[in-house]
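# return a 3D structure for these sequence lines:
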Amino acid sequence: MKRELNDVVIIGAGLSGLTLAYLLRDKGLSVKIIEAGDRLGGRIYTHKTKNGELIDLGAAWITNQHKVMLNLIKELEIPLFDQVYGDTAIYEPFGSSAPQLVQLPKSGESTYRIQGGTSVIIDKLASLLRKEDIILNEKVAEIISEEGFIQVNTESGETISSKKVITTLPPNLLVQSIKFSPELPNELVSVCKKTHTWMGESIKVAVTFDSHFWNKTNSSGTIYSNAGPIQEMCEHNDADNKTFILKGFFNNSYSKATSEQRELLVMNQLLKYYGDYKKSMIKFYDKVWSKDELTFCPYESVVIPHQNNGHIIFNESFLEGKLHVSGAETAEYMPGYMEGAIRSTYETMKNLGY
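Predicted structure coming up:
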């Protein structure tokens, strides 16, 4: 089905895609966002449990270094609150050594979270756009450059035409999942295939409890372990401290394990630190980002963390100036982070002439 000729079509409704739409609509341009999944946010994912707890199983933390992110949050009037680490941490240097309680160094760097979960910024940006301009559950199959316009074809048979297309997909996923006519330059394809996908190796785990049982003098809700499988963990309570959650990072070597197997490993590790804690436990949650096919695509060769993130080629346009590559991995500063995701949109706006 043919649609009107839009000014811009954006592929991906994560933080970059929605921020781009917000900025472009402010310039008076007509914008459509195409999202393959059934939800907004991409690698921002706030899971709401049946008990009402909010767990950020994707991007979560903001620091004072995230200046552009903080400016956007202020502009959108979104409230923040301080991440709690406490004065001490449970530290496990080796598997053969007993966990110990250590003093955390004083840090002048504050860490914040968004009240109501990180998805609040996604919901706020989406609320400033027209509902009909956000198309969910449409996976892009092919992008064709025609004379005077560019055409996006979806797997379901939709055809959306536009003057320009901006993709915010991770570069490797982009070139591995979408066909282009004419084909993209070999140099761009090569760089994209060797561009690290942020969070591709991440496993986020969280456990909800009915109390703050770790909040006592000889314990801590902050964990650092060289033995694992939990590498880091900290409190993930809500702003008013009425939910009790520990959340952290799990060793990626367990990505092929089942969720039940990961839960057992987490339970056994926490047992070393907290003893008989299970009477306070409610539920275990995890998210293996390498299994999210709308985020991560396996590499064809070895790619190291941050490889080609912010590569200069992402500042160029393609298909006779009608295609731009944006998104967190393309940012020159803090690529991969939420800060990088937003900075990439301003870099793209500049490349578009705004």
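
# burial count for Ile44?
Counted with other CB atoms under 10 Å, residues neighbouring Ile44 total 24. (Each C-beta comes from the backbone N, C-alpha and C, glycine too.)

# which residues in the stretch 251-354 of the chain form helices?
Secondary structure of the stretch 251-354 of the chain (DSSP state H, counting those that start in this stretch): helices located at 259-274, 338-352.

# of those helices, which is nearest Phe180?
helix 338-352 (18.4 Å; CB to CB).

# any idea how far Leu319 is from Tyr254?
Summarising the geometry, the distance separating Tyr254 from Leu319, computed by CB to CB, to the nearest Å, is 41 Å.

# for Tyr224, that is, sorry about that
Where Leu319 is concerned, Tyr224 sits at a distance of 47 Å (CB to CB).

# can you verify my assumption that Ser225 contacts Glu92?
Yes - look at Ser225 against Glu92 with CB atoms under 8 Å: they come within range, at 4.0 Å.

# A strand includes Ile160, no?
Yes - residue state for Ile160 (DSSP: H, G, I helix; E, B strand; the rest coil) corresponds to a strand.

# next up, the contacts around the nearest residue to it once chain neighbours are set aside.
Spatial nearest neighbour of Ile160, chain neighbours left out: Val152 (4.6 Å); criterion: CB to CB, 6 or more residues apart in numbering. By CB atoms under 8 Å, 6 or more residues apart in numbering, the residues touching Val152 are Val9, Ile11, Ile34, Val140, Glu142, Ile143, Thr159, Ile160, Ser161, Ser162, Val165.

# which residues does the last one form beta bridges with?
The bridge-partner assignment for Val165, based on DSSP bridges, gives Val9, Leu323.

# who are the contact partners of the nearest residue to Asp210 once chain neighbours are set aside?
Spatially, and ignoring its direct neighbours in sequence, Asp210 is nearest to Ser280 (5.4 Å; CB to CB, 6+ apart). With contact set as CB under 8 Å, 6+ apart, Ser280 has these partners: Phe209, Asp210, Ser211, Phe213, Phe244.

# same question, Leu319
Counting by CB under 8 Å, 6+ apart, Leu319 makes contact with Ile143, Ser145, Ile150, Phe180, Pro182, Leu184.

# tell me where the model's unsure across this protein.
By pLDDT under 70, the weakly predicted segments of the chain are 1-3, 108.

# mark out where each domain of it begins and ends.
The domain map for the chain lists 1-44+118-200+296-354, 64-117+203-294, with the assignment taken from automatic domain parsing.
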